[in-house]
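> sequence first, then the predicted structure:
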Amino acid sequence: MAEKVAKPAEKAAHLLVGDPTAPANALGPIIDQAQLQKERGVVESTVAAGATLLAGGTHDGPFYRPTVLTAVPLDSPAFSQEIFGPVAPVVDYETVDEAIEIINSSDGLSVGILTSNRFKALELADHRGGRDPHQRPGRR
C-alpha cells in the first residue's frame, strides 16, 4: 500500500497553500480558527491512535497543509468524523469483501476509491449500501 500512497503524498507535500487570489496557490485558508483547531486535533488524535503521517499535518496561520494519513484505524477521528479540510485518511485492506465492509462502516461519510482498475472501483462503489452490483439500477 505504501507505494500506492507515496505519489499522492508527494503531490500533497508540494501543493502551495496561501492567498487564494494568487494563481499559484492550490488551497486557501481554513474558514476560522475553531475549524483549524478541529482539523489539527483530528490529525493529532489519529496519529496518536496509530496512523502514519505521510504529508502535511501542520499549518501556518490559517493555512493548513494538505495532509495524507495512512494505516488509519477505523475507530480514529479521521475515519469516523467529517473533517472539512485538506486531510486524506487512507485505510488499508486485503480483500474486496474487507474493503466493502470498511466502506459500509463509514456511517454515511464519503469514501474515495483509488485503483488502476476502474471496473473494480465501480464494483466497490455499487456495494455501498448493500446494492447488488450485478443488478441494474431500479431492478432490485
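Alright, I've got the coordinates.

> for this structure, which helix is longest?
Scanning the chain for the longest helix, with DSSP state H as the assignment, gives helix 33-48.

> elements contacting that one?
strand 63-64, strand 67-70, helix 77-80, strand 87-89 (3 or more CB pairs under 8 Å, 6 or more residues apart in numbering; DSSP states H and E). C-beta: built from backbone N, CA, C; applies to glycine.

> a markdown table for those, including mean pLDDT, distance to Ile113 and mean neighbour count?
Listed next are these as a markdown table, based on pLDDT from 0 to 100; distance: least, CB to CB, whole Å; neighbours: other CB atoms under 10 Å:
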| stretch | mean pLDDT | distance to Ile113 | mean neighbour count |
| --- | --- | --- | --- |
| strand 63-64 | 97 | 24 | 21 |
| strand 67-70 | 96 | 15 | 24 |
| helix 77-80 | 92 | 15 | 21 |
| strand 87-89 | 94 | 13 | 22 |
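
> nearest to Gly56, of these?
For those, the distance to Gly56 is smallest for strand 67-70, at 3.1 Å, taking CB to CB.

> Glu10: which of the helices and strands packed on helix 33-48 is closest?
Per CB to CB, nearest to Glu10 of those: strand 67-70, 9.2 Å.

> got the contact list for the residue most central in space within the chain?
The residue lying closest to the centre of the chain (CA atoms, centre = their mean) is Ala88, at 2.8 Å. Neighbour list for Ala88: 8, 12, 66-69, 112 [criterion: CB atoms under 8 Å, 6 or more residues apart in numbering].

> before we move on, back to that, just tell me which of the helices and strands packed on helix 33-48 ends up closest to Glu101.
helix 77-80 (13.0 Å).

> where does the protein have low pLDDT?
Residue ranges of the chain with pLDDT under 70: 1-2, 108, 128-140.
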